[in-house]
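**Q** Return atomic coordinates for the entry below.
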Amino acid sequence: QVQLVESGGGLVQAGGSLRLSCAASGGIFKNYAMAWFRQAPGKEREFVAAISWSGLSTYYADSVKGRFVISRDNAKTADLEMNVLKPEDSAVYYCAADPRRSIAKDVDEFVFWGQGTQVAVSS
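**A** Predicted structure coming up:
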């Protein structure tokens, strides 16, 4: 059974940075497409960033492009470096993994999910 555990969330001022980490266990992590999603109160879960199993391809939501960077070490973690944070980035951030695709960015394409980590950005 694959388990994903996120860490690194917290409270930060606008313009600051945070680094989220997703630790995986119970599967062949290096073969999984990975992504980060977020969900703010009262809103649907939305795509943030994705990375292919090889680490060579990445996708970003327009709202975070140029500010966020997704990476993976293929050992057991996939990270999301978040810079120039804005209050609208505040949400619960979820790590997701899928063993069936090389890369994916739709919520419905992922079978494994973490419990989420809270990010709050104050103005």
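**Q** only C-alpha atoms for contact and neighbour calcs from this point on.
**A** Will do.
**Q** Where does the prediction get shaky in this protein?
**A** By pLDDT under 70, the chain has no low-scoring segment.
**Q** residues touching residue 20, list them.
**A** Neighbour list for residue 20: 6-9, 79-82 [criterion: C-alpha atoms under 8 Å, 6 or more residues apart in numbering].
**Q** what does residue 96 give?
**A** 4, 34-37, 110-114.
**Q** Please repeat the previous calculation with a cut-off of 7 Å.
**A** 34-36, 110, 112-114 (C-alpha atoms under 7 Å, 6 or more residues apart in numbering).
**Q** about what we covered before: let's have the contacts of residue 20 in TSV, adding distance to residue 105.
**A** Putting the contacts of residue 20 into TSV (distance: C-alpha to C-alpha, whole Å) gives the following:
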residue	distance to residue 105
6	18
7	21
8	22
9	21
79	16
80	15
81	18
82	18
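**Q** which of the contacts of residue 96 has the most neighbours?
**A** Scoring the contacts of residue 96 on neighbours with other C-alpha atoms under 10 Å, the highest-scoring entry is residue 34 at 34 neighbours.
**Q** Which helix or strand contains it?
**A** Using DSSP states H and E, residue 34 sits in strand 33-39.
**Q** still on that earlier bit, of all the contacts of residue 20, which comes closest to residue 65?
**A** Among the contacts of residue 20, residue 82 lies closest to residue 65 (C-alpha to C-alpha), at 10.2 Å.
**Q** burial count for that closest one?
**A** With other C-alpha under 10 Å as criterion, residue 82 counts 20.
**Q** pretty sure it is in contact with residue 66, am I right?
**A** No. Checked against C-alpha atoms under 7 Å, the pair residue 82 and residue 66 is beyond contact range at 9.7 Å.
**Q** partners of residue 93 in the sheet?
**A** As for beta bridges, residue 93 partners with residue 38, residue 117 under DSSP bridges.
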